[in-house]
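**Student:** got a sequence here, can you model it:
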Amino acid sequence: MTATDPSKVFLDTEFLDTGRLIVPISIGLVAATGPEYYAVFADIDLRQISKHPWLNQHVAPHLPVRRTDTSWTWDRSHPEFTAVKPRPAIAREVADFFAVLTNPQIWAYFSPFDTIVLTQLYGPLSDLPPVIPGFTQDLMQEAYRSGTATPEQKPPVHHALHDARHDLAIAVTIGLIDTPPNEA
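**Tutor:** Just a heads-up that it's a prediction; the model follows:
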């Protein structure tokens, strides 16, 4: 890779889609060069997730929460509780993640909602920090264009960091990148 080659970053988010709003739950970023980032939004309404059957079944098991029959609370003893952060901290850390990359290029699998979650960290699109690309490329579209089948994801599924790592595996499978440095 030369200094002008793009640094490919694989993005995944988990979110609540209300039909009117996309409410972020978690975000995962994996750079093809190795760095990773994961955060869970501290301001999420755990009651909304608990009442959403799909999120309750697929996303909630990966969150650092303590669930009872009557309520959910943050589980401070969970190994991923350190990833629970306020939105402004996540926005700063995501910008810092991108700031050290050369010519970053964002890729996601079925990217529209992930792009919304990422860009809305900063308010309107016009407030997106210049270190973060405002355009996300789509792995699903690229796999379709190339006629390449994507690999099946191993569990856990619907955990933003693990899904972003799987996006990296898709990129390798479809020939978008070579084997990542940590797997060579």
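**Student:** what are the phi and psi values at the closest residue to A31 other than its chain neighbours?
**Tutor:** On the basis of Cβ to Cβ, 6 or more residues apart in numbering, the spatially nearest residue to A31 that is not a chain neighbour turns out to be V9, at 5.1 Å. Using the backbone N, CA and C atoms, a C-beta is placed for each residue, glycine as well. Main-chain torsions, V9, degrees, to the nearest 10: phi -120, psi 130.
**Student:** what residues are up against V9?
**Tutor:** For V9, the set of contacting residues under the criterion of Cβ atoms under 8 Å, 6 or more residues apart in numbering consists of 29-32, 97-98, 101, 104-107.
**Student:** quick one: buried residues of stretch 58-66?
**Tutor:** By neighbour count on 16 or more other Cβ atoms under 10 Å, the buried set for stretch 58-66 is 59-60, 62-65.
**Student:** and the end-to-end length of that stretch?
**Tutor:** Taking Cα to Cα, to the nearest Å as the measure, stretch 58-66 stretches 16 Å from start to finish.
**Student:** can you tell me what sits against that stretch?
**Tutor:** Contacts of stretch 58-66 (Cβ under 8 Å, 6+ apart): 14, 25-26, 40, 46, 49-50, 67, 72-75, 78-81, 83-84, 156-159, 162.
**Student:** quick one: the helices in the chain, in order.
**Tutor:** 46-51, 53-58, 87-99, 112-119, 139-146, 160-173 (DSSP state H).
**Student:** with distance to E36 and mean pLDDT as added columns, please give those helices in TSV.
**Tutor:** Compiled in TSV, the helices of the chain are given as follows (distance: least, Cβ to Cβ, whole Å; pLDDT from 0 to 100):
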stretch	distance to E36	mean pLDDT
helix 46-51	24	91
helix 53-58	21	94
helix 87-99	9	98
helix 112-119	15	94
helix 139-146	17	93
helix 160-173	6	96
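**Student:** tell me the buried residues in stretch 149-157?
**Tutor:** Applying a neighbour-count criterion of 16+ other Cβ under 10 Å, the buried positions in stretch 149-157 are 150, 153.
**Student:** nice, that's everything, thank you.
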